[in-house]
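Trainee: build me a structure from this.
(chains A and B)
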Amino acid sequence: MVAVSPRSPSAKPMPIHAQDLRKLFVQYKILALLLALAAIWGFFHVATDGAFITSRNVSNLLRQTSITGMLACGMVFVIIAGEIDLSVGSLLGLLGGVAAVLTVNLAWSSWAAVAAVLLLGLAAGGLNGFVVTQLRVPSFIVGLGGMLLYRGILQGITRGATIAPVPADLVYLAQGYLPPVPSSVLAAAVFATMVLSTLLRRRRRAGMAITQAPLWSDALKLGAIGIVLAVFVSMLNRYSGVPLPVLLLLVLLAVFTYVGTQTVLGRHIYAVGGNVEASRLSGINVSGVKMLVFALMGLMCAFAGIINTARLAAGSPSAGTNGELDAIAACFIGGTSMRGGAGTVHGALIGALVMTSLDNGMSMMDVDNYWQLIVKGSILVIAVWIDVLSGAKRD
Amino acid sequence: MSDYLFEMLGIGKSFAGVRALDGIDLRVRPGECLGLCGENGAGKSTLMKVLSGVYPHGSWEGEILWQGQALQARSVRDSERAGIVIIHQELMLVPGLSVVENLFLGSEPTRPGGRMDYEAMHARARALLQELQLDDVDLSLPVMHYGGGHQQLFEIAKALAKDARLLIFDEPTSSLTMKETEVLLGIIERLKQRGIACIYISHKLDEVARVCDTVSVIRDGRHVATQPMRELDEQRIIALMVGRQLETLYPRVEREIGGVVLRVQHMNCQDALNPARQRVKDVSFALRRGEILGLAGLVGAGRTELVSAIFGAYAGRSAGEVWMDGRPLRIRSPRDAIQAGMAMVPEDRKRHGIVPLLGVDKNITLATLRHYTRAGKVQHEQECRVAEDQIARMRVKTAHAFQPIVHLSGGNQQKALFARMLLTRPKVLILDEPTRGVDVGAKADIYRLIFELAAEGVSIIMVSSELPEILGVSDRVLVMSEGRLCGDFINAGLTQEQIMTAAIDGGGRAVA
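Mentor: Numbers count the residues shown, from 1 in each chain, chains lettered A, B, ... in the order given. Okay, the predicted model is just below:
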């Protein structure tokens, strides 16, 4: 409540102190999520007599995560912008089905089919956005309608039957690997880039006398990322290397994080979700921002749909059922605000990993399907409750 | 000793190590009205939250004596049961429920089986409203049918229905018209005679001077002075609040006024919900370079509608011509207006101004983010430096640049919003109630800024309901009444009475 004067030199140590606390708290949230994930993994590891954390299963788990993760990447922006999209599960199914129909029934080449499906995804997402922003139908309703509509079209074009077999080069997209040596090289390159960019940023900021996080905290962060990267790549390498869909997901993580934190579009997404009227009066093209967010969501459905079809080597009329719920749950577990205006891409992906770990672990334990639903539902509510608790303290 | 209704002794409260209140004493006698003054962020609201039980007993230091007995309220309910009721700045009524249902919300008289006892409620409500001289109110109508003034009075009736002995008013008149304010102050006088004590928190010192018997001033969480009102005057209170003698509140700068920059012709606005109703009727005016144009009128006269229509932000249908520098403009959105060289600081900070969760820096750069980018990438260092410059220039008090703006006081939020719009380098700046809910210190800063901008050649339209502000700042004053322009005065020897006369019965004589 008491305003602290930031200008006088004597008050200078004070703001840095407050800033440290705040940063620690924000990081603590993600830390808590990681701890929860570790607990879940530990539990399954014990319960499955050591079968959970093995190269083979981790490889499998990450591959499963990639589909929910791609949807979560798009969904996190939609929710930050203050909207919701319930149609993504059906749209994923439809786009995956189209990929199968194009390659199997119409004998298109895989690359042409992939390109067509990506464009179609962009268009379908854009259509959702158009109805929301221009016709001003609430996004909840548009999503609900789209959920039925896209599922109906899918069942129509597949005539209710599974379409198989899709060509081998399409299957490779989901089942292939980046071999161990290139994987290691890539991981090393990524790490080196992160270290370099952090150093460059610190030097730029020091030159302009902008307050920044203390050196140890940046070092700690980079160290942790390095260790996680090394452990995972070595683990995946012991199996067959990095699965291609996981690689794709990591690329998407990088792109979406960049868009969210470094670009004008990203800032506008947060602003529109935080206060739509203030954004409009500041000259932001609110409809345009929302249209783009929905179009990106459609594009992510296309990626996920293609990977899903490739993974099953077939197009199925029930593909992607409940996919929207997993994606939305992943965002909320990952700390995205229900009211819009706040959230992170990496949080949503960790949320997706939590959801998939539960699926994977319980399947390995031969837990009945009904128990899986009960556990997943409870975890979602508990996770958001903890988030609410930690948020209330800020007041 | 306990001829006091209540005493607060040595109240202290800290937030995460920051001392918000430090040993504050307050005392109020039955039937006394205590004015509580202090700048935004001085600790008034925190103190009132301690008193009204929002912060439970034990979370703060010190002691509250209620009629000589220690009061240990653990919740708002506890303190209301004792007879302490706070009337918030933002009204806490449910718009869709009827007047009578609102009056007893949370303490409904019931019959066996949990049914509401409507007869008892109506009878009691009738008596309460009679006491407040509101005989013409239809108790069964939803509250939203009544204006802000009536709603404020309903809040008081609601407090009286709870047998309140101490009423706390937090900026009660910030959205009331002059007439409604008169009624409210009259009612407080009568409550005092009935032995009900009041604490009156307001930035409007003329009201404090009229209604309060004693004034306590706090600054930076500390008690500065408590004196009988008759030993004080407004200047003296301001000096106590700010801790220094303010130079003149309106530091007028002599400057040259240039040629016409903006010309608005035949502007008409229809109500967004009810298109048959005209909110603005055929308004035309011109604005010159470096001129400060005050736009006065009663609440609901159509001033906000007029300026939002010019800025492309009006919700309903509007028609009219806007010319800038002799060229016609096509403005369909605020985006167009900003590109044409206009900027607007809106009336409702919370709804139309701040993006609460974003930092002060990001709020400041919101309208001009594209200027600090290379290939679509935000240059964070450059952005940060621009924001820091603005924070320094505007004297925004914030712990650090990336603190979420919602944590700032109203005046500091307002300064940040000024910075946001000024970064667009506007030729025409529209200010809608620029000092509403802003403390005296920040007010002086804002006026200084307005004059500086005008001296740099920016033309300013200022909508304001505070006549001293209109007279202190404007070069020329337009008065609106019921959607029409009904007065155009050069501000030389102009009086509040002249403006009010035009605003109230201006209807017939439209001025071009």
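Trainee: where are the low-confidence patches of the stretch 1-150 of chain B?
Mentor: Counting by pLDDT under 70, the low-confidence segments of the stretch 1-150 of chain B come to B:1-2, B:16-18, B:40-41, B:90.
Trainee: please enumerate the strands of it.
Mentor: B:6-15, B:18-28, B:33-37, B:61-66, B:69-70, B:84-87 (DSSP state E, counting those that start in this stretch).
Trainee: same question, the stretch 251-395 of chain A
Mentor: Per DSSP E, counting those that start in this stretch, the stretch 251-395 of chain A has no strands. Nothing in it meets that criterion.
Trainee: what does it have sitting close to chain B?
Mentor: By C-beta under 8 Å from any C-beta of the partner chain, the residues of the stretch 251-395 of chain A that approach chain B are A:262-265, A:267-268, A:270-271, A:274-275, A:277-285, A:337, A:341-342. Every C-beta, even on glycine, is put in place using the N, C-alpha and C of the backbone.
Trainee: before we move on, the earlier item: looking at the strands of the stretch 1-150 of chain B, which is nearest to chain A?
Mentor: Smallest distance to chain A across the strands of the stretch 1-150 of chain B (C-beta to the nearest C-beta): 4.4 Å, for strand B:18-28.
Trainee: how far away from the center of its chain is the closest one?
Mentor: The gap between where strand B:18-28 is centred and where its chain is centred comes out at 25 Å by C-alpha atoms, centre = their mean, to the nearest Å.
Trainee: which strands border it, and is each parallel or antiparallel?
Mentor: strand B:6-15 (antiparallel) (DSSP bridges).
Trainee: other residues contacting the partner strand?
Mentor: Contacting residues not belonging to strand B:6-15 are listed as A:1, B:19-28, B:46-47, B:50-51, B:55, B:59-67, B:71, B:84, B:166, B:197 [C-beta atoms under 8 Å, 6 or more residues apart in numbering or on different chains].
Trainee: is B:Ala313 in contact with A:Ser279, as I believe?
Mentor: No - taking C-beta atoms under 8 Å as the definition, B:Ala313 is not a contact partner of A:Ser279, at 11.8 Å.
Trainee: and the stretch 101-250 of chain A, which residues reach chain B?
Mentor: For the stretch 101-250 of chain A, the residues found near chain B under the criterion C-beta under 8 Å from any C-beta are A:Arg204, A:Arg205, A:Met208, A:Ile210, A:Thr211.
Trainee: how far does stretch A:363-371 stretch from start to finish?
Mentor: 10 Å (C-alpha to C-alpha, to the nearest Å).
Trainee: in the stretch 201-350 of chain A, which segments are predicted with low confidence?
Mentor: If you take pLDDT under 70 as the line, the stretch 201-350 of chain A has no such spans.
Trainee: go again with 80.
Mentor: Per-residue confidence for the stretch 201-350 of chain A (pLDDT under 80) gives these ranges: A:207-213.
Trainee: show me the domain layout of chain A.
Mentor: Taking automatic domain parsing as the reference, chain A has its domains at A:40-179+A:243-392, A:192-239.
Trainee: roughly how far is the last one from the heart of the chain?
Mentor: In this case it means domain A:192-239. On C-alpha atoms, centre = their mean, the centre of domain A:192-239 falls 21 Å from that of its chain.
Trainee: check the first one too.
Mentor: Relative to the chain's own centre, domain A:40-179+A:243-392 is displaced by 7 Å; criterion: C-alpha atoms, centre = their mean.
Trainee: could you do stretch A:36-56 as well?
Mentor: Its chain's C-alpha centre and that of stretch A:36-56 lie 22 Å apart, by C-alpha atoms, centre = their mean.
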